[in-house]
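J.: next comes the sequence, and after it the predicted model I'd like to discuss.
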Amino acid sequence: MSRKLPLAESETARTACARAPIRSGVDEKTGEVLTGAALVERVSWCADLVADMTSTLLAEHWNTTDVGVLALGEDAGGRKLPSNAWMALRRLGWTVASGAKVNDRIVRMAQETAGRALRSAKWRADVTAGVLAAWPADPKRRTPQEWDRARAAIPGGEYLPSSIIRSRTRQIAAYVGKYGCLPADVFELEPSPRVPRMLLLAACDGQQATVERADDGQRVLLRLQLPTRPDPQKYADWTWVSCPITLPPTVVANAVIHLPTLRIAGGKMRADLAYTHAVPKAQRTGHTVALGVDWGVNTLLSAGAARLHDNGRI
């Protein structure tokens, strides 16, 4: 299936995501039909392997220096880092090994998951560093001057909601109450993040997973390699499994389907399917018109009461 979406001159591409359940699969080597429970078990084994490697990567690089290097976006030679997290980590030489026999694409998923978590930590690190640099005399009540100093110490702090600074302050104050001193940074304040049990198949290629539309246009066939045991010791312990997926009605017929993210919730497996589809280009009219509508129950009740009051009924 082509990954390039044909577009007319009046169209542009947009990418969205839809969730779909995966209820069964077929082991292509043995021909065995895998029930939902059997499929969840094999995906869980694979997700556990990825999660273990991800946890190792996060533990090794959960510090100010490494997160700063990744956020800088350049390698030791001054070259720009790739946008894909797993490629950026490899350029920096941040790799990981597994005690089991896994192919390179399994390692990619671990690097992609860890790289995204490390990149997202940079903002929290900057906010925490700014709050620590302008730590107030009374954490429960800042003076206007202390608010100004805190905002000046945080990149973009002038636009930051006060609630974020307050929540960081409470978090640091709780640390002080427990340990009797200020933390050095967010990495001392917070442990490395919990690793979700999921498979980011977007970090893989055809050697690990493929997805193709069925002829009816309403389904796709996901093929991926899964272990046949929780601790695979050789490549023969991995087999290809085919999983039919019925597309949600929100996915249009001509959309390009990308490799999904697989998650397990409540003993069931679901796929977060990313897809790219064509939409009309916005017309430039020289001005922008926007309409915001709040259909909350409280809003409607308030509006109704106000109308009755205006009509003299209240």
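T.: Thanks, I have the structure now. Because the structure is predicted, anything quoted here is derived from the model rather than measured. Numbering: from 1, shown residues only.
J.: so the residue nearest the centre of the chain, which state does it fall into?
T.: Residue closest to the mean C-alpha point of the chain, counted by C-alpha atoms, centre = their mean, is Arg116 at 7.0 Å. State at Arg116, reduced to three classes by DSSP: H, G, I helix; E, B strand; the rest coil: helix.
J.: how many residues are close by the nearest residue in space to it that is not next to it in sequence?
T.: Leaving aside its sequence neighbours, Arg116 sits nearest to Ala85 (C-beta to C-beta, 6 or more residues apart in numbering; 5.1 Å). C-betas here are computed from N, CA, C, even on glycine. Neighbourhood size, Ala85 [other C-beta atoms under 10 Å]: 22.
J.: ok, now Arg219?
T.: 14.
J.: mind listing what it touches?
T.: When the contact criterion is C-beta atoms under 8 Å, 6 or more residues apart in numbering, the partners of Arg219 are Arg213, Pro244, Ile245, Thr246, Leu247.
J.: and for Asp272?
T.: Contact partners of Asp272, counting by C-beta under 8 Å, 6+ apart, are Cys17, Ala18, Arg19, Pro260, Thr261, Leu262, Arg263.
J.: which residue ranges of this structure form strands?
T.: Remark: strands assigned in the chain by DSSP state E are 11-22, 25-27, 33-34, 198-200, 209-213, 219-227, 238-246, 256-257, 261-265, 268-280.
J.: between those, which gets nearest to Ala110?
T.: Evaluated over the strands of the chain, closeness to Ala110 peaks at strand 198-200, with 9.0 Å, by C-beta to C-beta.
J.: contacting residues around that closest one?
T.: With C-beta under 8 Å, 6+ apart as the criterion, strand 198-200 contacts Val43, Cys46, Ala47, Val50, Met109, Glu112, Thr113, Leu224, Thr261, Leu262, Arg263, Ile264.
J.: the third one reaches Leu224, doesn't it?
T.: No. Between Ala47 and Leu224 there is no contact under C-beta atoms under 8 Å: 11.8 Å.
J.: which residue ranges form the helices in the protein?
T.: Taking DSSP state H, the helices of the chain run over residues 36-61, 64-72, 85-91, 104-133, 144-153, 162-179, 186-189, 297-310.
J.: now distance to Pro280 and mean pLDDT too, for these, in a markdown table please.
T.: As requested, the helices of the chain are arranged in a markdown table below (distance: least, C-beta to C-beta, whole Å; pLDDT from 0 to 100):
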| stretch | distance to Pro280 | mean pLDDT |
| --- | --- | --- |
| helix 36-61 | 38 | 96 |
| helix 64-72 | 37 | 95 |
| helix 85-91 | 33 | 96 |
| helix 104-133 | 32 | 96 |
| helix 144-153 | 41 | 96 |
| helix 162-179 | 37 | 96 |
| helix 186-189 | 43 | 96 |
| helix 297-310 | 31 | 44 |
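J.: take these and write them to CSV, including distance to Ser98.
T.: Putting the helices of the chain into CSV (distance: least, C-beta to C-beta, whole Å) gives the following:
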stretch, distance to Ser98
helix 36-61, 6
helix 64-72, 21
helix 85-91, 15
helix 104-133, 7
helix 144-153, 41
helix 162-179, 34
helix 186-189, 25
helix 297-310, 51
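J.: closest one to Leu201 among the ones you listed?
T.: helix 104-133 (7.4 Å).
J.: what helices or strands is that closest one leaning on?
T.: Counting contacts by 3 or more C-beta pairs under 8 Å, 6 or more residues apart in numbering; DSSP states H and E, helix 104-133 is packed against helix 36-61, helix 64-72, helix 85-91, helix 144-153, helix 162-179, helix 186-189, strand 198-200.
J.: for that helix, which residues meet the burial criterion?
T.: Buried residues in helix 104-133, counted by 16 or more other C-beta atoms under 10 Å: 105-118, 121-122, 124-132.
J.: try stretch 216-226
T.: Val220, Leu222, Arg223, Leu224, Gln225, Leu226.
J.: burial of the residue lying closest to the fourth one once chain neighbours are set aside, as a residue count?
T.: In this case it means Leu224. Leaving aside its sequence neighbours, Leu224 sits nearest to Ala209 (C-beta to C-beta, 6+ apart; 4.0 Å). Other residues near Ala209 number 23, with proximity taken as other C-beta under 10 Å.
J.: relative to Leu262, how far out is Ala209?
T.: Applying C-beta to C-beta, to the nearest Å, the value for Ala209 to Leu262 is 9 Å.
J.: got the confidence number for the residue nearest to Leu224?
T.: Each residue has a pLDDT score; the one for Ala209 is 97.
J.: contacting residues for it?
T.: Contact partners of Ala209, counting by C-beta under 8 Å, 6+ apart, are Arg105, Leu201, Leu222, Arg223, Leu224, Gln225, Leu259.
J.: follow-up on the earlier one: in JSON lines, list the helices and strands packed on helix 104-133 along with distance to Ala100.
T.: Shown next, in JSON lines, are the helices and strands packed on helix 104-133 (distance: least, C-beta to C-beta, whole Å):
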{"stretch": "helix 36-61", "distance to Ala100": "6"}
{"stretch": "helix 64-72", "distance to Ala100": "26"}
{"stretch": "helix 85-91", "distance to Ala100": "19"}
{"stretch": "helix 144-153", "distance to Ala100": "46"}
{"stretch": "helix 162-179", "distance to Ala100": "37"}
{"stretch": "helix 186-189", "distance to Ala100": "29"}
{"stretch": "strand 198-200", "distance to Ala100": "15"}
